[in-house]
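K.L.:
what follows is a predicted structure for the sequence shown.
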Amino acid sequence: MTQAWEQAYGFRFFFTPLKSSAVDLTRVNLGGLGTGKFIDNTTLQSSTAKVITAGTGDNFAFGVGTKAVTNAVTTSTTATLTFADAHGIAVGKRIVVKDLPAPFTTLNGSFVVTAVTTTSPHTLAYALIGSAITTAAVSAGVVAPSLLLDGTDPPFRLLGLTNIQPSNSTTKESVTTYDDEAGSYNTPIPTARDKTWSISGAMNFADPAWRAMRICEEFNVSEKLMVEYAVIGPNNGKQVEYGYGFFESYQPEQAAGTVIKFQVSLAGYGKVGLDLL
């Protein structure tokens, strides 16, 4: 059904979360979508991955794609987690650890991986200060690698859109000079343009793109989360508009089971790119 809604309105919407410190307005000159362009939509985030967060500031982590933990153990300086199969997380990668039960609750949070094993038993380790806890099997707990949040992560595609409406405004300054044709001394000169997108949709609560959008909207101030975005449409791709922005003014509507109806605004920032195809 979500595909039918999108086809009816003729829009496709992609976004990549990033920290405001990673904004580079010169990248808008690369062109909109594709390999080596502003957003590379040839590879997308999984439509089934779980999205979780942990930490604040420099330790903030935005994890996508979880692996279940089967065993945990700590020393006074190190936590080691075990998985049933390969986790694919490298040394130096920031991770999100969530939902580990007592007595391992201090192992939850945002950490940088210090060691891994790539053969069975599949483990990863990270620094931890505290009392040693004897190894034990755990019934809950997941780990997800964090996005880089620098604009290079694969984008999410926001499905289930029921409406997406752009709003443009132009800032003008008056130049006091005589205009023979207008017979006037004040000539308005456009100096800047702003663009805001009003987005409505209906999506499953577990959809990773919806969750990523909610996280970006919730943490747009505290963690300075912005997005790179690209909107294809209308008319099934005759134009692509793209640039930087931030989600704001999220409004949920009446839900039906696990389906959430919502409205959200995307406020543009800086230069807006336009490809007419």
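P.N.:
Happy to help now that I have it.
K.L.:
from residue 231, how far off is the nearest residue to residue 80 once chain neighbours are set aside?
P.N.:
In space, and not counting its chain neighbours, residue 80 is closest to residue 125: 4.5 Å by C-beta to C-beta, 6 or more residues apart in numbering. The way it works is simple: take the backbone N, C-alpha and C, and place the C-beta from them, glycine included. As for residue 125, its distance to residue 231 is 43 Å (criterion: C-beta to C-beta, to the nearest Å).
K.L.:
what of residue 193?
P.N.:
Plainly put, residue 193 is 16 Å away from residue 231 if you go by C-beta to C-beta.
K.L.:
looking at these two, which one has more neighbours?
P.N.:
Just comparing residue 193 and residue 231: by other C-beta atoms under 10 Å the higher neighbour count belongs to residue 231, 24 against 12.
K.L.:
if I pick that one, what's in contact with it?
P.N.:
With C-beta atoms under 8 Å, 6 or more residues apart in numbering as the criterion, the residues that contact residue 231 are 11-14, 164, 166, 197, 240-242.
K.L.:
what about the residues you listed, which are in helices?
P.N.:
Counting by DSSP state H, the contacts of residue 231 place none of their members in helices.
K.L.:
buried subset of those residues?
P.N.:
11-14, 164, 197, 240-242 (16 or more other C-beta atoms under 10 Å).
K.L.:
where's the dip in pLDDT among those residues?
P.N.:
pLDDT across the buried ones among the contacts of residue 231 is lowest for residue 11, at 83.
K.L.:
now it: how far from residue 41?
P.N.:
Distance from residue 11 to residue 41, counting by C-beta to C-beta: 14 Å.
K.L.:
so, low pLDDT: which residues of this structure?
P.N.:
Judged against pLDDT under 70, the low-scoring parts of the chain cover residues 1-9, 179, 182-183, 191-192, 235-237.
K.L.:
helices of that one, start to end?
P.N.:
Applying DSSP H to the chain gives helices spanning 2-9, 208-218.
K.L.:
send me the longest one as PDB with only the CA atoms.
P.N.:
What follows is helix 208-218, C-alpha atoms only, in PDB (Å, rounded to 0.1, in the frame of the first residue of the first chain):
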ATOM      1  CA  PRO A 208      13.800   2.200  10.300                       C
ATOM      2  CA  ALA A 209      13.400   5.300   8.100                       C
ATOM      3  CA  TRP A 210      10.500   6.500  10.300                       C
ATOM      4  CA  ARG A 211      12.600   5.900  13.400                       C
ATOM      5  CA  ALA A 212      15.600   7.600  11.900                       C
ATOM      6  CA  MET A 213      13.400  10.600  11.100                       C
ATOM      7  CA  ARG A 214      12.000  10.800  14.600                       C
ATOM      8  CA  ILE A 215      15.500  10.600  16.100                       C
ATOM      9  CA  CYS A 216      16.800  13.400  13.800                       C
ATOM     10  CA  GLU A 217      13.800  15.500  14.800                       C
ATOM     11  CA  GLU A 218      14.100  14.800  18.500                       C
END
